[in-house]
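**Q** The sequence and its predicted three-dimensional model are supplied below.
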Amino acid sequence: MRETDFNRIVEAAMSRRGFIGAGFAFGAMAFVTGACAPSSNAASVGGDRFGFSPVAANSLDTVSVPEGYEWRVLASWGDPLWSDGAPFDHATRGDAASTQRAVGDNNDGMALFTHRGRTILAVNNEYANGPIIFDNRILGVPITTDDIRKGKFASGVTICEIERRSGIWKIVMDSAYNRRITPETPMAITGPARGHALLKTAADPHGVATLGTWANCGCGRTPWETYLTCEENFDFYFSSSDWFSDATADLNRYGVNWRDRGYRWADEDERFDIAKHPNEANRVGYVVEIDPLDPASTPKKRTALGRFKHENAEIAIASDGRVVVYMGDDERGEFLYKFISQNRYVEDGDNSALLDSGMLYAAIFHDDARGEWVALTPSSTGMASQAEICIHTRQAASAVGATTMDRPEWVAAHPRKAEIYCALTHNKNRGKKPNAGGDATPVGGPNPRAANQYGQIVRWTPDNGDHAATGFEWDLFVLAGNPTVHADAKAGSRNVTPENMFNSPDGLTFDANGLLWIRTDGSESNTGDFAGMGNNQMLVGDPNTGEIRRFMVGPRECEVTGLCWSADRSTMFVGIQHPGAKGGGHFPGGGETAPRSSIVAITRNDGGLVG
Ligand code: FEO
Ligand code: CA
Ligand code: CA
Ligand code: CA
């Protein structure tokens, strides 16, 4: 298809929703018209769907919320969960023992559960921030075995009861619900790959049980009240004691090679040494289901949902009651997936095995605004078994010609209609080169810009409004960009303005009203291509009009991550991940205190709803 035809199709797809409108110039990459965009400030605050005044971009070392709202820290990395845990020490920044008894580092996805009048928060701790957590060591790297274990225990998942007293949310110390799940917590391997030869190790000759979860990025929450934690950059922790032989091509496809990213876990635990235990790296990269209401429960690695760098797991229910899980693989040029369960969700029934059997699909986007989900089966992929597909899922999706994407981050499903959104955060390699061992990444479809530094949000509607359908229609909700610097496709789509511009959409979550909350994880340089965007932030998008408004700006050098609401929706909990990560911030304590990843609670001064 010629470039101009493609541009017309994208224009048609976007203008159909009524927010792109006229003003397109045809030609390479010219379907974006930031220059003639209306100002988001033009909308009145009183009668609009947003109900708040936009927050200006800034580079402050604090959280900025709209007038009439306030924020407060609920919990920070290193806050003890039990009274026998040591209080956070700003000088040493804790040790392995204190870290194991405390809120983990780098909080990312999170979900809230209510049970018998209690409020339980489950939150991912994606990784340990080396330069911050090891600030007591030269070069900010782990030196001792205890340092290595401290980094390990800062990762995983934190589950804690919280309560609101005198209007202030706090952790309930010593609650029976409090739990730390770490890279050493025993887990069951379930689903098609359970027991497969590729999962068998010296420690587990049957391939059915493993230790721990790590690189826990985004999340999911099932209708049957369990928490899904998603293993993303799991490869960063494996290394090889044999420097002369590299990992297999199958491990390379997942980024696993002879060198880790400085965590040194193999020095303390040889299962992270791929020269000795190559199959250990096949036992991570899954969605893990956790019952947050039963602290004694064994987390389950649900292999049916595939193995890749999972961002989040968004659940929808198909017309016939089957469970659909939408999932992105966050790596440049990797794919978008969905799982459809074999059995149906039964309210108040036993749904504990729903995520163990079903079909995995990968998405193909066509340039004519149509798309299809292709089942990953032995016959479609040429692989020997469903088990192998669930372990080498990237290779399976490559075999069916799935569309390479600009790093799929969170997927969010509209609560009232079958419409799904996915943040494609950015991809500097689009049109240049594939992921290692991956497929070519031509410009086109929902990835329309070469060397894409701003990102976009794609959305699609399944045929017949049924999440189980294999066909869908797609368009772009927004192309992020900078209309004050660029006049071409880099200006962004028309709903991007000098007042709301941002880069690198990442977290996506719908509120109960059907508004889309967008968090960013991009450049906070505020210069050059990113001039005027300020720190990473949270914005709200209206799916009906395309309007986007900035709600919150995070502190310096942070990413804004997880998002959930209290049961009465009077409080919004927001993740502030790695503030001051480059040495330029001290959120939340200020002064010379250690910068600490934190969860903040945002409320309205009048006690009203916050989404
Ligand atoms: Fe951990 Fe893709 O973000
Ligand atoms: Ca993310
Ligand atoms: Ca990201
Ligand atoms: Ca991050």
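**A** Done, it's in. Ligands and ions are numbered 1, 2, ... in the order given.
**Q** OK, now which residue of the stretch 501-611 of the chain is nearest to ligand 3?
**A** residue 521 (3.5 Å; CB to the ion). For every residue, glycine as well, the C-beta is placed using N, CA and C.
**Q** contacting residues around that residue?
**A** Neighbouring residues of residue 521 by CB atoms under 8 Å, 6 or more residues apart in numbering: 409, 425, 504, 506-507, 536, 559-561.
**Q** Could you report the separation of the residue nearest to residue 457 when sequence neighbours are not counted from residue 547?
**A** In space, residue 457 comes closest to residue 477 once its chain neighbours are excluded; the distance is 4.3 Å by CB to CB, 6 or more residues apart in numbering. Distance, residue 477 to residue 547, by CB to CB, to the nearest Å: 11 Å.
**Q** the strands in the stretch 351-500 of the chain, which residues?
**A** With DSSP state E, counting those that start in this stretch applied, the stretch 351-500 of the chain shows strands at 358-365, 370-375, 408-413, 420-424, 456-462, 471-479, listed in chain order.
**Q** Of these, which is nearest residue 182?
**A** Closest to residue 182 of the strands of the stretch 351-500 of the chain is strand 408-413 (CB to CB; 24.0 Å).
**Q** what's the angle between the closest one and strand 456-462?
**A** With axes from the mean of the first three to the mean of the last three CA atoms, to 10 degrees applied, the angle from strand 408-413 to strand 456-462 works out at 40 degrees.
**Q** elements contacting strand 408-413?
**A** strand 314-317, strand 322-328, strand 420-424, strand 505-510 (3 or more CB pairs under 8 Å, 6 or more residues apart in numbering; DSSP states H and E).
**Q** Would you mind listing what in the stretch 301-450 of the chain touches ligand 1?
**A** 311, 330, 409 (CB under 6 Å from any ligand atom).
**Q** can you rerun that using 8 Å?
**A** Residues of the stretch 301-450 of the chain lying near ligand 1 by CB under 8 Å from any ligand atom: 309, 311, 328, 330, 407, 409, 425.
**Q** residue contacts, the second one?
**A** Spelled out, that is residue 311. By CB under 8 Å, 6+ apart, the contact set of residue 311 is 217-218, 230, 232, 327-330, 408-411.
**Q** how much space between the residue nearest to residue 457 and residue 541?
**A** 7 Å.
**Q** which residues do those two both contact?
**A** Counting by CB under 8 Å, 6+ apart, the residues touching both residue 477 and residue 541 are 457, 516.
**Q** Any idea which residue of the stretch 51-200 of the chain lies closest to ligand 3?
**A** Closest point on the stretch 51-200 of the chain to ligand 3, by CB to the ion, is residue 108, at 9.5 Å.
**Q** Would you mind writing the CA trace of stretch 121-135 as PDB?
**A** Provided in PDB are the C-alpha atoms of stretch 121-135 (Å, rounded to 0.1, in the frame of the first residue of the first chain):
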ATOM      1  CA  LEU A 121      -3.600  -3.200  49.100                       C
ATOM      2  CA  ALA A 122      -1.400  -5.400  46.800                       C
ATOM      3  CA  VAL A 123       1.400  -3.500  45.200                       C
ATOM      4  CA  ASN A 124       4.300  -4.600  42.900                       C
ATOM      5  CA  ASN A 125       7.900  -3.700  43.800                       C
ATOM      6  CA  GLU A 126       9.400  -3.800  40.300                       C
ATOM      7  CA  TYR A 127      13.100  -3.700  41.200                       C
ATOM      8  CA  ALA A 128      15.700  -2.200  43.500                       C
ATOM      9  CA  ASN A 129      17.000   1.200  42.600                       C
ATOM     10  CA  GLY A 130      20.800   0.500  42.800                       C
ATOM     11  CA  PRO A 131      22.200   4.000  43.200                       C
ATOM     12  CA  ILE A 132      19.600   4.800  45.800                       C
ATOM     13  CA  ILE A 133      19.200   1.600  47.800                       C
ATOM     14  CA  PHE A 134      23.000   1.100  47.800                       C
ATOM     15  CA  ASP A 135      23.900   4.700  48.400                       C
END
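**Q** The residue lying closest to residue 382 once chain neighbours are set aside: neighbour count?
**A** Closest residue to residue 382 apart from its sequence neighbours, by CB to CB, 6+ apart: residue 399 at 5.8 Å. By other CB atoms under 10 Å, the residues close to residue 399 number 17.
**Q** which residues does residue 399 contact?
**A** So residue 399 contacts 380-383 (CB under 8 Å, 6+ apart).
**Q** From one end of stretch 222-229 to the other, what's the distance?
**A** Taking CA to CA, to the nearest Å, stretch 222-229 runs 11 Å from one end to the other.
**Q** re the thing from before, closest one of the contacts of residue 399 to residue 473?
**A** residue 380 (22.6 Å).
**Q** May I ask you to confirm that that closest one is in contact with residue 374?
**A** Yes. Counting by CB atoms under 8 Å, residue 374 is a contact partner of residue 380 at 6.4 Å.
**Q** Need the overlap of contacts for those two.
**A** residue 400.
**Q** quick one, which of these two is more surrounded?
**A** residue 374 (19 against 16).
**Q** which non-adjacent residue is nearest the more buried one?
**A** Spatial nearest neighbour of residue 374, chain neighbours left out: residue 400 (4.5 Å); criterion: CB to CB, 6+ apart.
**Q** now residue 380
**A** Using CB to CB, 6+ apart, the closest residue to residue 380 is residue 400 (5.2 Å).
**Q** Good, we can wrap up now.
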